[in-house]
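here's a sequence, model it:
(one chain, ligands or ions: 1)
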Amino acid sequence: MSSKAWGGRFEAQPEDWVDDFNASIEFDKNLINQDIQGSIAHATMLANQHIITQDEAQSIIQGLKNIQKDFNEGNIEFKASLEDIHLNIEHELIQRIGETGGKLHTGRSRNDQVATDMHLYTKEEVQNIIELIKSFQHEIIKLAEEHVDTIMPGYTHLQRAQPISFAHHVMTYFWMLERDKGRFNDSLKRIDISPLGAAALSGTTHPIDRHETQALLDFANIYENSLDAVSDRDYIIETLHNISLTMVHLSRFAEEIIFWSTDEAKFITLSDAFSTGSSIMPQKKNPDMAELIRGKVGRTTGHLMSMLVTLKGLPLAYNKDLQEDKEGLFDAIHTVKGSLRIFEGMIASMTVNTDRLSETVKKDFSNATELADYLVSKGVPFRTAHEIVGKIVLNCIHKGIYLLDVPLSEYQAQHSSINEDIYDYLNPENCLKRRKSYGSTGQDSVKHQLNVAKSLLA
Ligand code: ARG
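As a prediction, the model looks like this:
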């Protein structure tokens, strides 16, 4: 008998280098636990349906458990000539328990088998990602709670715009991650489905019970169409998309961390434990972790594009192209999990330079809108107020001073309604205090926002 599972029909064997090209074992050995879990459920169902005996099922299940243990202890070497995890395990099983091992594949195909493995794997990993997001969100809340009163410049176009609370700024990432979590949770509806029993494409003549394996594998739902069951990779694309968007959010945050830690900004100081040095410039301390996270969006987005293109134009049902779904997904999951963990550690250990931040908003024009609002409170139409303040700012720029340095006489020359109270009004702290609109950066609003966020995580 040939060592290939399909030996019967073949008169020649591929050479090793052809086998290597065809094989997926190098990466799908990652699925060993899911593959064995799926096979145990299948064997249990086969016995309950009297397709094999209970004794045969017991011997298969024990054999599978031993293989799993031996592999996890590093005592099994899988072979490329046996192509993938499914055939390697089956081969090993038959070696160990004899012909009975050959009964496991009754009423099943590698097509529904691999789909089952991938559904189990993706479900578990999406749940892991959700937990890591939650943990990161807790850290963001902790950071925000310490800095409700820390004032920093808010930017548009990366130009100083208006003073904001540091807490308000970082909480933006909490909400991005909250939406990411929502997308991952929602996707579980489409991941948590059992394809097992669809067999190659058309179902099977054996009296299998797909609902039993669905229940044994704890899948919430079942594919209604056997062709769909073996050819659907939407859930993988969806997961790659959700990972890519999470990575985009992390990279936006990473970019801010990088900017905030420059000598130009000095808004934060990263811990040495999350930074690296230079091999030539002794003074350097580089934000490598943040840069890597920013950089890794390239890979996750690439994996998403690659899977979209792989699926495009693919006829029903299974095609070997689908083997290409694995490496990208494995890498994307590894990447987003690593990035979430690193980011959490990075913000937990960084120092926020509160003095530097409050100094910064005193040496800019981020309180210019306040001056316009002040004039509006005196009855001046906003458009006119905008024009007046624009002129005052231009004068300041010419003189190299800021709004708090302008003498009252000059203010009054611009508009008679400006009084001594303007200096208090323009103080960045008061700029924040006056912002009471819902969801704004005012201290009270931010405290409310933090309460809402905490209740969502509770
Ligand atoms: N290694 C294959 C994959 O990952 C398993 C399914 C193979 N099915 C087949 N009909 N050749 O997609």
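
CA only for contacts and neighbour counts going forward, please
Will do.

please, which helix or strand holds the closest residue to M247 other than its chain neighbours?
Nearest non-adjacent residue to M247, counting by CA to CA, 6 or more residues apart in numbering: V297, 5.6 Å away. According to DSSP states H and E, V297 maps onto helix 288-311.

what helices or strands is that helix leaning on?
Packing partners of helix 288-311 (3 or more CA pairs under 8 Å, 6 or more residues apart in numbering; DSSP states H and E): helix 234-260, helix 325-349.

direction included, what does the very next helix or strand once past the shortest one pair against?
Secondary structure here is assigned by DSSP H and E; on that basis, the next helix or strand after helix 325-349 toward the C-terminus is strand 351-352. Next to strand 351-352 in the sheet, as set by DSSP bridges, lie strand 268-269 (antiparallel).

contact partners of the partner strand?
By CA atoms under 8 Å, 6 or more residues apart in numbering, the residues outside strand 268-269 that reach it are I257, W260, S261, M350, T351, V352, N353.

mind checking pLDDT for D55?
On pLDDT, D55 comes in at 98.

spit out the contact partners of R190.
By CA under 8 Å, 6+ apart, the residues touching R190 are Y235.

output the below-cut-off pLDDT ranges for this structure.
For the chain, the stretches flagged by pLDDT under 70 are 1-2.

the same query, at a cut-off of 90, please.
1-9, 11-13, 272-285 (pLDDT under 90).

for the ligand, what are the nearby residues on it?
Residues of the chain lying close to the ligand by CA under 6 Å from any ligand atom are S24, D84, R110, N111, V114, K320, L322, Q323.

out of the helices and strands packed on helix 288-311, deepest packed?
helix 234-260 (a mean of 21; mean count of other CA atoms under 10 Å).

hang on, the earlier thing: buried residues in the helix holding V297?
For helix 288-311, burial by neighbour count (16 or more other CA atoms under 10 Å) applies to 289-290, 293-294, 296-297, 299-304, 307-308, 311.

just stretch 43-55 next, same as before
A43, T44, M45, L46, A47, N48, Q49, I51, I52, Q54.

now stretch 421-439
I422, Y425, L426, N427, P428, E429, C431, L432, R435.

I61 - nearest residue in space that isn't next to it in sequence?
I40 (5.7 Å).

residues in contact with that neighbour?
So I40 contacts I60, I61, L64 (CA under 8 Å, 6+ apart).

can you check K123 too?
L188, I191, D192.

before we move on, back to that, from the buried residues of stretch 421-439, which land in helices?
If you go by DSSP state H, the buried residues of stretch 421-439 have I422, Y425, L426, P428, E429, C431, L432 in helices.

now S416: how far from S377?
As judged by CA to CA, to the nearest Å, S416 and S377 stand 13 Å apart.

same thing with L120?
61 Å.

the longest helix in this structure is where?
helix 110-146.

relative to helix 325-349, how tilted is it?
10 degrees (axes from the mean of the first three to the mean of the last three CA atoms, to 10 degrees).

how many residues are close by the closest residue to K378 other than its chain neighbours?
With sequence-adjacent residues excluded and distances taken as CA to CA, 6+ apart, K378 is closest to S417, at 6.6 Å. By the criterion of other CA atoms under 10 Å, S417 has 14 neighbours.

in the stretch 251-400 of the chain, what residue comes closest to the ligand?
Q323 (3.6 Å; CA to the nearest ligand atom).

correct me, but that residue touches S24?
Yes - between Q323 and S24 there is a contact at 7.3 Å, judged by CA atoms under 8 Å.

residues in contact with the host helix or strand of E410?
Assigned by DSSP H and E, E410 belongs to helix 408-414. For helix 408-414, contacts defined as CA under 8 Å, 6+ apart pick out I388, I392, I418, N419, E420.

filter the residues you listed down to the ones in helices?
Secondary structure from DSSP H places I388, I392 of the contacts of helix 408-414 in helices.

filter the contacts of helix 408-414 to the buried ones?
In those, the ones that pass as buried (16+ other CA under 10 Å) are I388, I392, I418.

just put those in TSV and tack on distance to G7.
Below are these laid out as TSV (distance: CA to CA, whole Å):
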residue	distance to G7
I388	87
I392	87
I418	93
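
which SS state does the residue nearest to E77 when sequence neighbours are not counted fall under?
Of all residues not flanking E77 in the chain, F71 sits nearest, at 7.7 Å (CA to CA, 6+ apart). The three-state label given to F71 by DSSP: H, G, I helix; E, B strand; the rest coil is helix.

give me the three-state assignment for the closest residue to the ligand within the stretch 151-300 of the chain.
Nearest residue of the stretch 151-300 of the chain to the ligand (CA to the nearest ligand atom) works out as A200 at 7.3 Å. At A200 the chain is in coil, as set by three-state DSSP.
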